[in-house]
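Student: Sequence first, then the predicted structure:
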Amino acid sequence: MTDLVETPAALAGKIMLVGIGPGSVEHMTQRARAAIAEADVVIGYVTYIKLVADLIEGKEIIRKSMTEELDRAVSALEAARQGKKVALISSGDAGVYGMAGPTYEVLFQAGWTPDDAVQVEIIPGASALNSCAALVGAPLTHDFCAISLSDLLTPWPTIARRLDAVAMADFVVALYNPKSGRRTRQIVEAQRLFLRHRRADTPVAIVKSGYRRRQNIVFTTLDQMAEADIGMLSTVLIGNSNTFIRHGLMVTPRGYANKYDLEDGGSTREGEKAGRSLSTGLLGWLEQIRADHAEGVDVATLARQHRLPQDYISAVLAEPDALPEEPAPAEEDAA
């Protein structure tokens with residue numbers, strides 16, 4: 001990491017943390033293009049610089065390698081302190097495994113505050129999670145999360161615990177940095193952990209170089225996932241227990257079938273009400289486990305049935321029996 005250069009006083013420069021999206025100019029935001037256009041200096045990983053080559057002609061360019069994230073941030077701060085406008089670019093979104101975090105770390109270390117003469121703007125872009133999902137269908141329609149398999153900065157036990165937890169919790173999962181020339185076993189271990197909780201035929205989509213010249217999409221299953229062609233330019237989308245692939249599209253249902261009879265014109269199912277929580281939502285569930293407990297079902301059994309911690313079950317059972325009345329549905333929560 002380059003040492004920070006002390007200057008007597010910061011000039012009114014600016015650091016723009018630009019998310020350039022998946023890599024195609026068509027999918028960049030208007031603000032991202034404008035930020036690059038107004039920048040005096042453009043800093044980024046060599047591959048990202050190539051992706052915006054037609055937008056940076058005549059500008060000062062600082063190219064850095066994959067492992068020089070902190071150096072990129074230091075270079076951006078030094079240029080901004082000279083009064084320059086700096087576009088520090090990341091693929092996808094600068095705040096999702098991008099340069100926003102490392103840049104703030106460097107800024108804070110240097111004594112920067114939001115009142116500093118050097119301004120900072122984060123310009124969001126579509127992350128790989130969004131762009132890859134758009135290419136394969138609608139896999140993220142229900143709860144999802146992202147986990148990076150890179151152990152360059154994160155201990156493997158931490159990554160493994162996260163993988164195990166989300167696999168058990170039935171999230172749709174996007175795996176970033178799944179494999180590289182040196183890191184080949186991480187994807188195998190991720191598969192091993194997921195197979196502890198998920199069916200072998202769970203749908204998986206692997207998108208390589210989404211929206212770029214060598215884009216490639218493969219649909220496979222969890223038990224075959226590790227055998228596919230996966231690299232650092234790949235994002236792996238693992239479905240949940242309800243995700244399906246049909247007509248070449250990966251879809252995760254939102255859950256309407258739990259409340260509505262989709263084959264009968266969308267009428268509500270018996271015991272359900274439009275705009276109200278499911279009968280198995282929080283209030284209904286609390287009522288049910290209290291009834292079961294009153295009939296002699298012990299806490300340990302309830303915890304196993306619902307795959308929840310015993311102390312959580314004990315805590316909710318220890319609360320007063322009176323349940324609050326559910327309010328009328330808000331306009332934005334009317335399902």
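Tutor: The structure has been received and is ready for your questions.
Student: Name the nearest residue to Ala200, ignoring sequence neighbours.
Tutor: In this structure, Ala200 finds its nearest non-sequential neighbour in Asp223, 3.8 Å apart by CB to CB, 6 or more residues apart in numbering. Bear in mind the C-beta positions are built from the backbone N, C-alpha and C, glycine included.
Student: Quick one: the helices in the stretch 151-300 of the chain, in order.
Tutor: Secondary structure of the stretch 151-300 of the chain (DSSP state H, counting those that start in this stretch): helices located at 156-168, 186-195, 282-294, 299-306.
Student: Outline the domain layout of this protein.
Tutor: Under the assignment automatic domain parsing, the domains of the chain span 14-126, 129-251, 258-324.
Student: Show me how far the longest one is from its chain's centre.
Tutor: So the one you mean is domain 129-251. From the chain centre to the centre of domain 129-251 is a distance of 11 Å (CA atoms, centre = their mean, to the nearest Å).
Student: what's the span of it from first residue to last?
Tutor: From its first residue to its last, domain 129-251 covers 14 Å (CA to CA, to the nearest Å).
Student: for the first one, same thing?
Tutor: As for domain 14-126, its first-to-last residue distance stands at 23 Å under the measure CA to CA.
Student: Show me what counts as buried in stretch 119-132.
Tutor: Judged by neighbour count using 16 or more other CB atoms under 10 Å, the buried positions of stretch 119-132 are 120, 122-132.
Student: mind listing what the helix-or-strand element of the chain with minimal mean pLDDT pairs with, with the direction of each?
Tutor: Scoring the helices and strands of the chain by mean pLDDT, DSSP states H and E places strand 260-261 at the bottom, with a mean of 84. Here strand 260-261 is paired, per DSSP bridges, with strand 267-268 (antiparallel).
Student: what sits up against the partner strand?
Tutor: 259-261, 274 (CB atoms under 8 Å, 6 or more residues apart in numbering).
Student: residues contacting Tyr260?
Tutor: 266-269, 272 are the contacts of Tyr260 under CB under 8 Å, 6+ apart.
Student: ok, and the most crowded of these?
Tutor: Glu272 (18 neighbours; other CB atoms under 10 Å).
Student: Am I right that it is in contact with Gly281?
Tutor: No. With contact defined as CB atoms under 8 Å, Glu272 and Gly281 do not form a contacting pair (9.8 Å).
Student: before we move on, back to that, of the helices of the stretch 151-300 of the chain, flag the one that's most buried.
Tutor: helix 186-195 (a mean of 19; mean count of other CB atoms under 10 Å).
Student: tilt between that helix and helix 156-168?
Tutor: Helix 186-195 and helix 156-168 meet at an angle of 40 degrees, taking axes from the mean of the first three to the mean of the last three CA atoms, to 10 degrees as the criterion.
Student: Check which residues of stretch 131-144 are buried.
Tutor: 131-137, 139-142, 144.
Student: Dump those into CSV; add distance to His293, secondary structure and pLDDT as well.
Tutor: As requested, the buried residues of stretch 131-144 are exported to CSV (distance: CB to CB, whole Å; DSSP: H, G, I helix; E, B strand; the rest coil; pLDDT from 0 to 100):
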residue, distance to His293, secondary structure, pLDDT
Ser131, 47, helix, 95
Cys132, 44, helix, 96
Ala133, 41, helix, 97
Ala134, 46, helix, 97
Leu135, 47, helix, 97
Val136, 44, helix, 98
Gly137, 42, strand, 98
Pro139, 38, coil, 98
Leu140, 36, coil, 97
Thr141, 35, coil, 96
His142, 30, coil, 96
Phe144, 33, strand, 97
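Student: Redo those residues as a markdown table? Include distance to Leu233.
Tutor: Below are those laid out as a markdown table (distance: CB to CB, whole Å):
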| residue | distance to Leu233 |
| --- | --- |
| Ser131 | 12 |
| Cys132 | 11 |
| Ala133 | 16 |
| Ala134 | 17 |
| Leu135 | 14 |
| Val136 | 16 |
| Gly137 | 20 |
| Pro139 | 19 |
| Leu140 | 20 |
| Thr141 | 25 |
| His142 | 27 |
| Phe144 | 21 |
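Student: Tell me the one of those residues nearest Leu175?
Tutor: Closest approach to Leu175 among the buried residues of stretch 131-144 (CB to CB): Cys132, at 10.6 Å.
Student: I'd like the next helix or strand past the strand or helix carrying Val86.
Tutor: Element membership for Val86, per DSSP states H and E: strand 85-90. Sequence order places helix 100-109 as the next helix or strand after strand 85-90, per DSSP H and E.
Student: Show me what that next one packs onto, helices and strands only.
Tutor: strand 14-19, helix 69-81, strand 119-123 (3 or more CB pairs under 8 Å, 6 or more residues apart in numbering; DSSP states H and E).
Student: Just the residues contacting the shortest one, thanks.
Tutor: Same thing as strand 119-123. 12-19, 29, 31-32, 35, 94-95, 100, 103-104, 107, 114.
Student: how about a cut-off of 10 Å?
Tutor: Around strand 119-123, the neighbours that count as contacts under CB atoms under 10 Å, 6 or more residues apart in numbering are 12-20, 28-29, 31-36, 76-77, 80, 85-90, 93-95, 98-100, 103-104, 107, 112, 114.
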